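Peer 1: here is a sequence together with a model predicted from it:
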Amino acid sequence: MAELTIIGIGNRLRGDDALGPVLIDKLREVDWPEVELVDIGSDAIGLLEHLEDRHKVWIVDVCQMGRTPGSIVKFDPEDADMVLDQDPLSLHGLGLAETIRMARSLQMVPEEFKIIGVEPDSIQFNTQLSQAVQQAMETIVKEISLELQHAAGKPQILL
Amino acid sequence: MSRDLNINVHHLTRVEGHGNIVVNMKEGVLETAHLSIVEPPRFFEAMMKGRSFHEAAIITSRICGICSLGHQLTSLVATEDALGLEISEQTVLLRKLLIHGATLQSNVLHAYFLAAPDFLNAGSVFPLIATHKDVVLRALRMKRLANDIGDIVSGRAVHPITPVPGGFTRIPEKAELLEIKRRLLEEALPDGVETIETMKSLAGAIPQFERETEYISLKHPEEYALYQGDIFSSDSGSVPVHNYLDVTNEFIVEHSTSKHTKYNRSSYFVGALARWNNNSSQMVDEAQAAAEAMGLKPNCHNPYMNTIAQVAEAVHCILDSVRIIDILIEKGLKNEKPNQTPTRYGRGVGSNEVPRGILFHDYTYDNKGNIVKANCIIPTGQNLANIDDDMKKLVPEIMNKSKEEITLDLEMLVRAYDPCISCSVHMLEVDFIE
């Protein structure tokens, strides 16, 4: 199994919500041998299929954190109070917060489990990231690349 | 008994796309009973205009994280119809296998994670993880296999990449299909049998409510229709897919930004129960026997039984997938290239049964192969008028119950239809513990 799994979540047709999937596309442009890249789209429950037998999982998603658009926060789900969705009428009710709660109850959470959250600017129907989130995405790609090079102990192409 | 009753289940809406139940009764007279919901694909036409026929299915598959495969395949059928692209028998079989995987996955998730907690009065799936961990793991195991069918046949389970207009860009290997077959028989089938037992044990908790309505689904001359067929109404029989607008008759209602639909009556039902009522004799025998064991009979008029019809379909999809794999292997997998040479340009309509019911995509292409007009009618939109009619009959029948019980019965009713509105954004909301 790969050293690190990076999972992007989001709907590519909803403005900044596309951050996760677009970031995965960007990372796929370079061959990272020890990294598993996963785009699970907007169905958060798909996360459960990518947690078991992994040591290190990072999730990339836009999050409503009350900060300025484009703010990046890397956090452990344990340290944050994630609001559970109150809509029980559809599968829509199982969002990321609910899925993580389920993963915890099923003891599926890997040793290192982080969310890289970015505050969105707009999530209207649109196939473009806002400028703030586009910049945040580039910053995250750079940081992930540096970290991966460091972990591999050898130089790689810098994105 | 006369009473006043006011129910307004207003779900926290950080963004649009959630449903609200509104019921208002004064002195025993029901004044209002409806579900209001936002229909996200209203942006559909704007998103599709100007796109080439290569792009259409990719975009539509991204409308919804849960229904991506259904949108993609229906989009492909509409494009092939518009451009006169013939497809091979192998392509049809692989698409049917994909639809079976998607139906299995969606039906199992709905039955276990949304309906079962209702039947067990658990509030949500979370308490069940502690008390019924094996059942939750079984559901996830079935979901994973269904997902793997998607991965192997379509390249990627969430946003399929290999199905394109005219065929597939990659054909699965024989060994991959044999492995799926082995897991269907050795894992999914025993899990399916256990699922029937679980649902049998919950049957007593399914509300007894009957309302005959019009049931609309596809119908196929040779098989239980999921991939293509004619439109079929339980009231008036078959209609060609090209005439779908005669069936859907969309209209605007004040209480919902989503359009409603009606055909022979004030509303109609789409989804597993409609498919069951129209086509149950075409299910594999084992699935028909499973339905009977769970108390589901032909011509069932209890909408809460939609969940049971979904479980019977899950069994059908497991066994029929094995049959399809056998045919593919017997005929020998051919490394065909997709047929992408248009023979005409114009209008095309595609329709498939996706987990929540009959789906329509309708495109008109110009002679450069770009979309000039597009329409999409989703199953959840078609069920809204029927849900309202159910509520109007149900509320007076249960008005002696407490407000909380009535609210739960109404929520369960809406959930029984398995509405999907995931095309709206689902954003994580976080507060940091300082």
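Peer 2: The structure has been received and is ready for your questions. Residues are numbered from 1 along each chain as shown, chains lettered A, B, ... in the order given.
Peer 1: what's the next secondary structure element after the longest helix along chain B?
Peer 2: What stands out as the longest helix in chain B, according to DSSP state H, is helix B:306-331. The first helix or strand that comes after helix B:306-331 along the chain, using DSSP states H and E, is strand B:347-354.
Peer 1: same for that next one, what does it pack against?
Peer 2: helix B:68-83, helix B:89-109, strand B:214-219, strand B:357-365 (3 or more C-beta pairs under 8 Å, 6 or more residues apart in numbering or on different chains; DSSP states H and E). (Glycine included, C-beta is placed from N, CA and C.)
Peer 1: now with 7 Å, please.
Peer 2: helix B:68-83, strand B:214-219, strand B:357-365 (3 or more C-beta pairs under 7 Å, 6 or more residues apart in numbering or on different chains; DSSP states H and E).
Peer 1: quick one on the thing from earlier: tell me the buried residues in the longest helix of chain B?
Peer 2: B:306-325, B:328 (16 or more other C-beta atoms under 10 Å in any protein chain shown).
Peer 1: circling back to that earlier point, can you tell which of the helices and strands packed on strand B:347-354 is closest to chain A?
Peer 2: helix B:68-83 (6.6 Å; C-beta to the nearest C-beta).
Peer 1: for chain A, just list every one of the helices.
Peer 2: Using DSSP H, helices in chain A cover A:19-27, A:96-105, A:131-152.
Peer 1: may I see these organised as CSV, with mean pLDDT and mean neighbour count added?
Peer 2: Listed next are these as CSV, based on pLDDT from 0 to 100; neighbours: other C-beta atoms under 10 Å in any protein chain shown:
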stretch, mean pLDDT, mean neighbour count
helix A:19-27, 94, 22
helix A:96-105, 88, 20
helix A:131-152, 88, 16
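Peer 1: could you dump those to TSV with distance to chain B?
Peer 2: Below are the helices of chain A laid out as TSV (distance: least, C-beta to the nearest C-beta, whole Å):
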stretch	distance to chain B
helix A:19-27	8
helix A:96-105	4
helix A:131-152	13
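Peer 1: count of neighbours near the residue nearest to residue A:51 when sequence neighbours are not counted?
Peer 2: For residue A:51, ignoring the flanking residues on the chain, the nearest one in space by C-beta to C-beta, 6 or more residues apart in numbering or on different chains is residue A:108 at 4.6 Å. Neighbours of residue A:108 under the rule other C-beta atoms under 10 Å in any protein chain shown: 19.
Peer 1: is the longest helix of chain B up against chain A anywhere?
Peer 2: No - judged by C-beta under 7 Å from any C-beta of the partner chain, helix B:306-331 makes no contact with chain A; its nearest approach is 12.5 Å.
Peer 1: number of residues surrounding the residue lying closest to residue A:43 once chain neighbours are set aside?
Peer 2: Excluding the flanking residues, the one nearest residue A:43 by C-beta to C-beta, 6+ apart is residue B:65, at 3.3 Å. Residue B:65 has 26 neighbours, counted by other C-beta under 10 Å.
Peer 1: surely residue B:65 touches residue A:39?
Peer 2: No - if you go by C-beta atoms under 7 Å, residue B:65 and residue A:39 don't touch, sitting 10.4 Å apart.
Peer 1: most packed of the helices and strands packed on strand B:347-354?
Peer 2: Stretch with highest mean neighbour count among these: helix B:68-83 (a mean of 27; mean count of other C-beta atoms under 10 Å in any protein chain shown).
Peer 1: what does the lengthiest strand in chain A contact?
Peer 2: Secondary structure of chain A per DSSP state E: the longest strand is strand A:56-64. Contacts to strand A:56-64, defined as C-beta atoms under 7 Å, 6 or more residues apart in numbering or on different chains, come from residues A:3-10, A:16-17, A:19-20, A:23, A:51, A:96, A:110-120, A:140, B:14, B:427-430.
Peer 1: repeat that for 6 Å
Peer 2: Identification of contacts with strand A:56-64 by C-beta atoms under 6 Å, 6 or more residues apart in numbering or on different chains yields A:4-9, A:16-17, A:19-20, A:23, A:110, A:112-118, A:120, B:427-430.
Peer 1: run me through the strand neighbours of it, direction for each.
Peer 2: strand A:4-8 (parallel), strand A:112-118 (parallel), strand B:428-432 (parallel) (DSSP bridges).
Peer 1: nearest to residue B:170, of the ones you listed?
Peer 2: Residue B:170 sits nearest to strand A:4-8 of all the strands paired with strand A:56-64, at 22.6 Å, using C-beta to C-beta.
Peer 1: CA atoms of that closest one as CSV?
Peer 2: Below are the C-alpha coordinates for strand A:4-8, written out as CSV (Å, rounded to 0.1, in the frame of the first residue of the first chain):
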residue,chain,number,x,y,z
LEU,A,4,0.4,8.4,1.5
THR,A,5,-3.2,8.6,0.2
ILE,A,6,-4.5,12.0,-0.9
ILE,A,7,-8.3,12.1,-1.4
GLY,A,8,-10.1,15.0,-3.1
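Peer 1: average pLDDT across it?
Peer 2: Regarding strand A:4-8, the rounded mean pLDDT is 94.
Peer 1: and if you look at stretch A:73-86?
Peer 2: Stretch A:73-86 comes out at a mean pLDDT of 77.
Peer 1: and stretch A:58-70, by the same measure?
Peer 2: 91.
Peer 1: next, the distance between the ends of it.
Peer 2: 18 Å (C-alpha to C-alpha, to the nearest Å).
Peer 1: which of the residues in it are buried?
Peer 2: A:58-65, A:69-70.
Peer 1: same question for stretch B:402-422.
Peer 2: Those would be B:406-422, for stretch B:402-422 by 16+ other C-beta under 10 Å.
Peer 1: list the contacts for residue B:125?
Peer 2: Counted by C-beta under 6 Å, 6+ apart, residue B:125 has contacts B:113, B:117.
Peer 1: and it, how far is that from residue B:382?
Peer 2: Plainly put, residue B:125 is 27 Å away from residue B:382 if you go by C-beta to C-beta, to the nearest Å.
Peer 1: do residue B:233 as well
Peer 2: In terms of C-beta to C-beta, residue B:233 sits 12 Å off from residue B:382.
Peer 1: okay, those two: which has more neighbours?
Peer 2: The neighbour count for residue B:233 versus residue B:382, taken as other C-beta under 10 Å, is higher for residue B:382 (29 against 20).
Peer 1: A helix includes that one, no?
Peer 2: Yes - read with DSSP: H, G, I helix; E, B strand; the rest coil, residue B:382 is one of the residues of a helix.
Peer 1: what about the strands in chain B?
Peer 2: Going by DSSP E, chain B shows strands at B:5-10, B:20-26, B:29-36, B:163-164, B:167-168, B:214-219, B:230-233, B:237-239, B:268-269, B:347-354, B:357-365, B:371-377, B:428-432.
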